[in-house]
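1. give me coordinates for this.
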Amino acid sequence: AKTGAEVPHNIAGPLCFQGDMLAKDAMYPPIRADDVVVMRDAGANTLSIYSRHCSRQAPLVVGYDENYKFTVLKPAETYDQVVDFWAGGQAKL
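-> Numbers count the residues shown, from 1 in each chain. Predicted coordinates:
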């Protein structure tokens, strides 16, 4: 866990519209671009409500235990898999 004086952060999902804002002015220690931030129950950014808007790839799914040991539960979808999806499983890749 990070330490330090908390500062306000805006946390957004991968899309560029107002509804993709997960938290506004959330107080956390300084977050850098390569930090891992866990946001539970993140609405449309969860796999259960995932959509193929803009042909996005299905994301990597990572789980963690009480010791923060991370495990890949489902690998990220590849570009070839996205193309095959839109081709109805008939893509000639």
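
2. output the lowest mean pLDDT helix or strand found in this structure.
-> Ranked by mean pLDDT, DSSP states H and E, the weakest helix or strand in the chain is strand 61-64, scoring a mean of 86.

3. buried ones in the helix or strand just after it, by neighbour count?
-> Next helix or strand after strand 61-64 toward the C-terminus (DSSP states H and E): strand 70-74. Residues of strand 70-74 include none that count as buried (16 or more other CB atoms under 10 Å). Where you see a C-beta, it was placed from the backbone N, CA and C, and this is true even at glycine.

4. report the spatially nearest residue to Asp84, omitting neighbours in sequence.
-> What sits nearest to Asp84 in space, not counting adjacent residues and going by CB to CB, 6 or more residues apart in numbering, is Ala91, at 4.1 Å.

5. and the pLDDT at the one you found?
-> At Ala91, the predicted lDDT confidence score is 80.

6. near the nearest residue to Met39 once chain neighbours are set aside, how many other residues are there?
-> Once flanking residues are discounted, Met39 sits nearest to Leu22: 5.5 Å by CB to CB, 6+ apart. Leu22 has 15 neighbours, counted by other CB atoms under 10 Å.

7. and the longest strand belonging to the chain, what does it pack onto?
-> What stands out as the longest strand in the chain, according to DSSP state E, is strand 21-28. Counting contacts by 3 or more CB pairs under 8 Å, 6 or more residues apart in numbering; DSSP states H and E, strand 21-28 packs against strand 7-12.

8. quick one: contacts of the strand it packs on?
-> Residues from elsewhere that reach strand 7-12 (CB atoms under 8 Å, 6 or more residues apart in numbering): 20-31, 37, 39.

9. what's the closest of those to Trp86?
-> Asp20 (22.4 Å; CB to CB).

10. how near is the nearest residue in space to the closest one that is not next to it in sequence to Pro29?
-> Leaving out its chain neighbours, the residue that sits closest to Asp20 by CB to CB, 6+ apart is Gly13, at 4.0 Å. According to CB to CB, to the nearest Å, Gly13 stands 21 Å off from Pro29.
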